[in-house]
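>>> the following comprises the amino acid sequence and a computationally predicted model.
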Amino acid sequence: MGWQCTFLAQDGASLDDVAMKQVGYIPDSATHVILSVSGNDLLRLLNELSAASFAPTALYTAVTAGMDEIGQKMKRTLESVASIGCHLACCTIYTPQFDQDAQRGIWNVENLNYRSTLHWSL
């Protein structure tokens, strides 16, 4: 067939790891890059929020700030990959499980906001 696939995924890697380390390992001959990123960053945010036992108002503020930070990291990561000149496809799949309806509602609203910020032109 004449094509190769290079697998660079690393368990536990964050958006910063991808932007600062893994992009450098993409072969010069690469024409397409498929990223599945931000799940570990979102999981870390969820763990921080769960450990903090926030009240609903404080939880909303913390989720908003955390998602904004992850959104900025996502943008830097995509810019880093786009700079090598390959076709780029990106996905993220993360659906946390919450015990409380308030937590689930706040996460769902903020997750929609986060996904809507991912429509950048690079």
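Everything's here; your move. Residues are numbered from 1 along each chain as shown.

>>> what ranges in the chain fall below the confidence cut-off?
Counting by pLDDT under 70, the ranges of the chain that qualify are 1, 52-54, 92-122.

>>> longest helix of it?
Ranked by number of residues, the top helix in the chain under DSSP state H is helix 56-82.

>>> now do the helix or strand just after it: everything it contacts.
Beyond helix 56-82 on the C-terminal side, the first helix or strand identified by DSSP states H and E is strand 87-91. For strand 87-91, the surrounding residues in contact (Cβ atoms under 8 Å, 6 or more residues apart in numbering) are 31-37, 78, 81-82, 118, 122. (C-beta placed from N, C-alpha, C; glycine too.)

>>> tell me which residues of the longest helix of the chain are tucked away?
By neighbour count with 16 or more other Cβ atoms under 10 Å, helix 56-82 contains the buried residues 59-60, 62-63, 66-67, 70-71, 73-75, 77-78, 80-82.

>>> that one to strand 87-91, inter-axis angle?
Between helix 56-82 and strand 87-91, the angle comes out at 160 degrees (axes from the mean of the first three to the mean of the last three Cα atoms, to 10 degrees).

>>> could you list every helix and strand that helix 56-82 packs against?
Using 3 or more Cβ pairs under 8 Å, 6 or more residues apart in numbering; DSSP states H and E as the contact test, the elements touching helix 56-82 are helix 15-20, strand 32-36, helix 39-52, strand 87-91, helix 101-116.

>>> hmm, 7 Å instead?
Applying 3 or more Cβ pairs under 7 Å, 6 or more residues apart in numbering; DSSP states H and E, one finds that helix 56-82 makes contact with helix 15-20, helix 39-52, strand 87-91, helix 101-116.

>>> strands paired with the shortest one, and their directions?
Here strand 87-91 is paired, per DSSP bridges, with strand 32-36 (parallel).
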